[in-house]
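Asks: Next come a sequence and a model predicted from it.
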Amino acid sequence: MSKPVVSVVKVEQPKGNAEFMGGKFVRYEEDIKKIKAAVAEAIKLSIGSLDTIIKEGDTVLIKPNLAFQAPPESFAVVDPRTIEAVVSYVKENSKAGKVIVGDNPSLGMHVGRAKPAFKDSKMEEAAKLGGADEVIYFDETDVVPVEIKDAKVFKHATVFKPFLDADVVINLPKMKVHLAGTVTLGLKNWNGIIPNCHPDAQQQGAHRIELGQKMADLYRVRHADLVIVDAVIGMEGQGPHAGTPIEMNLIVAGADTVAVDSVACSIMGFEPMEIPAIRCAGTEGQGEIDLNKIEVVGNSIESVMKHFKRPGGDPIGMYAGLTCAMQQTCPGCHVNVRGALDSFAISGIDMKKFLEKHGEVVVIAGGVPNFEPEFCKDKNVFICGDCWELFPSADKVREGAALAKTVTYYPGCAPVYIFAQLNNDLQKLAAGK
Ligand code: SF4
């Protein structure tokens, strides 16, 4: 059997990168041309031509990673220049009847919706500049119940209809690290095909300890026909939302998502088996995870590799005076509290002053067998998730809450929206509201 092909193509140095990485996104026509040339080369090297996947009159959905309602300068979302380049290339070099761009954000930085997220990220503008026939806010469309055949844990999904209706799907993730998924690439990008309403829509349920398995299961709903990874400027450190940009100037592409993700994560300095979603999908045979069985064309992994800084997923001990009481807690709450505290940290808050003015903070999740209720006396207590009530320590948590100065609950499992909400509530406390 022939090996899956993954192309790794360099983008000629974009003029706008320095300004962009300095905090100001500027669109230069020449940069679109450079990225488009790399996209063209990556497609040619990996699948030959768009004609191999797009028939005359097909509706083509380009599914970017619109993870958050965030500006391009956050580097948490796909580079608008790459969106424009890909849309424009597909419009000009295929017989597609319609090219649409659609997605639904996660609940990270804002408990937000697709429309403002498309606007703030400048993706909508970029898609239109590229000639997209339509930009679809998935959360304003119908969902369809889907039984996922051969799934291990995510057996029933509700999936946005335009995703299922499209004749061809192009997966357009960004090269980023992720504190829950280790990296977020093509497989993790399918998180946007399901709803995110808090506290208990499907995106939340996907973010417990079995995140990798659930993403592998969700990928079974429908594999992408082509994956194009936006690796012009990646994100390292505290991804998926609070990390720092890393200049790569690459496009990575191929028809096998597992193979593309395996190559892309290796370029970031990770082993494919380190990444839960790639490991699950790869060992299940949804694609090729073994680098020896993938044909890498264009540039070798070694010649373009940069070791991305790893994200820390542990919220405990980040600030004196902000105590995380978490002992029997799965990564669903653990890493999402870390995500919230990362959001808080990048807001530039002076934590010392905050604590002097507003008192100490206690964040509780899961079972806390060694917890002393008295510790909560006159403090601001935040209680995360649903499962704390199921543990023998639940009465201790209730007693602690009764002694606290303020108490805030975040129901749900996993309460992914605390990325935004716990941060917002801490900001409100800081502002004395
Ligand atoms: S509520 Fe419990 S099981 Fe659910 S994500 Fe939080 S710690 Fe995990």
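Replies: Looks like it arrived, so ask away. The shown structure was predicted, so the numbers you read here are calculated from the model rather than taken from an experiment.

Asks: now the residue nearest the centre of the chain, what's its secondary structure?
Replies: For the chain, the residue nearest the mean C-alpha position is residue 67 (4.9 Å; CA atoms, centre = their mean). Per DSSP: H, G, I helix; E, B strand; the rest coil, the local secondary structure of residue 67 is coil.

Asks: wait, isn't it in contact with residue 241?
Replies: Yes: here residue 67 reaches residue 241: they are 7.2 Å apart, a contact under CB atoms under 8 Å. No exception for glycine: its C-beta is placed from N, CA and C like everyone else's.

Asks: If you count neighbours, what's buried in the worst-scoring helix or strand of the chain on mean pLDDT?
Replies: None of the helices or strands of the chain scores lower by mean pLDDT, DSSP states H and E than helix 202-205, at a mean of 77. For helix 202-205, burial by neighbour count (16 or more other CB atoms under 10 Å) applies to 202-205.

Asks: Tell me the one of those residues nearest residue 102?
Replies: Among the buried residues of helix 202-205, residue 203 lies closest to residue 102 (CB to CB), at 15.7 Å.

Asks: Pretty sure the closest one sits against residue 138.
Replies: No: Residue 203 lies out of contact with residue 138 (CB under 8 Å); the separation is 11.4 Å.

Asks: Could I get the contacting residues of the closest residue to residue 72 other than its chain neighbours?
Replies: With sequence-adjacent residues excluded and distances taken as CB to CB, 6 or more residues apart in numbering, residue 72 is closest to residue 25, at 4.3 Å. Going by CB atoms under 8 Å, 6 or more residues apart in numbering, residue 25 touches 16, 19, 71-73, 80, 122.

Asks: pLDDT score for residue 25?
Replies: pLDDT for residue 25: 98.

Asks: heads up, I number from 57, so please use that
Replies: Sure, I'll start numbering at 57, so the last one becomes residue 81.

Asks: So what's the residue count around the closest residue in space to residue 221 that isn't next to it in sequence?
Replies: With sequence-adjacent residues excluded and distances taken as CB to CB, 6+ apart, residue 221 is closest to residue 115, at 7.1 Å. Burial of residue 115 is recorded as 18 neighbouring residues (other CB atoms under 10 Å).

Asks: so what's residue 115 bridging to?
Replies: Here residue 115 sits in beta bridges with residue 154, going by DSSP bridges.

Asks: where are the low-confidence patches of the protein?
Replies: Residues of the chain that meet the criterion pLDDT under 70 lie in 163-168, 255-256, 489.

Asks: Get me the contact residues on it for the ligand.
Replies: 264, 385-386, 388-389, 421-422, 441-443, 469-470 (CB under 6 Å from any ligand atom).

Asks: which outside residues touch whichever helix in the chain runs longest?
Replies: Counting residues, the longest helix found in the chain (DSSP state H) is helix 85-103. Contacts of helix 85-103 with the rest of the structure, by CB under 8 Å, 6+ apart, involve 61-72, 105-106, 109, 135, 137-138, 140-142, 144-145, 149, 282, 284, 288, 306-311, 353-354.

Asks: what are the phi and psi angles of the nearest residue in space to residue 243 that is not next to it in sequence?
Replies: In space, residue 243 comes closest to residue 333 once its chain neighbours are excluded; the distance is 4.1 Å by CB to CB, 6+ apart. Here the main-chain torsion angles of residue 333 (degrees, to the nearest 10) amount to phi -70, psi -40.

Asks: which residues touch the residue lying closest to residue 216 once chain neighbours are set aside?
Replies: Spatial nearest neighbour of residue 216, excluding adjacent residues (CB to CB, 6+ apart): residue 194 at 4.1 Å. Shown in contact with residue 194 (CB under 8 Å, 6+ apart): 158-160, 170, 216, 218-219, 248-249.

Asks: Out of those, which comes closest to the ligand?
Replies: residue 248 (20.2 Å; CB to the nearest ligand atom).

Asks: Please look at the closest one and residue 174 and confirm they touch.
Replies: No: with contacts counted by CB under 8 Å, residue 248 stays clear of residue 174, the gap being 11.7 Å.

Asks: okay, and the common contacts of the two?
Replies: Contacts common to residue 248 and residue 174, judged by CB under 8 Å, 6+ apart, are 122, 159.

Asks: What are the boundaries of the strands in the stretch 307-456 of the chain?
Replies: Listed in chain order, the strands of the stretch 307-456 of the chain (DSSP state E, counting those that start in this stretch) span 351-354, 378-382, 417-421, 436-440.

Asks: TSV please, covering these and showing mean neighbour count.
Replies: Listed next are the strands of the stretch 307-456 of the chain as TSV, based on neighbours: other CB atoms under 10 Å:
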stretch	mean neighbour count
strand 351-354	20
strand 378-382	22
strand 417-421	26
strand 436-440	25
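
Asks: who's in contact with the residue sitting furthest away from the middle of the chain?
Replies: Among residues of the chain, the one most distant from the C-alpha centroid is residue 430; the distance is 38.4 Å, by CA atoms, centre = their mean. Going by CB under 8 Å, 6+ apart, residue 430 touches 456, 459.

Asks: how much space is there between it and the ligand?
Replies: The gap separating residue 430 from the ligand is 23 Å, by CB to the nearest ligand atom, to the nearest Å.

Asks: and what of residue 366?
Replies: Distance from residue 366 to the ligand, by CB to the nearest ligand atom: 22 Å.

Asks: do the same with residue 364
Replies: 26 Å.

Asks: correct me, but that residue touches residue 302?
Replies: Yes: Residue 364 is in contact with residue 302 according to CB under 8 Å; the separation is 6.3 Å.

Asks: Need the overlap of contacts for these two.
Replies: Residues touching both residue 364 and residue 302 (CB under 8 Å, 6+ apart) are 290, 292.

Asks: Looking at the two, which is more packed in?
Replies: Higher neighbour count among residue 364 and residue 302: residue 364, with 24 against 21, using other CB under 10 Å.

Asks: ok, the more buried one - contacts?
Replies: Neighbours of residue 364 in contact, by CB under 8 Å, 6+ apart: 233, 239, 290, 292-293, 302, 324-326.
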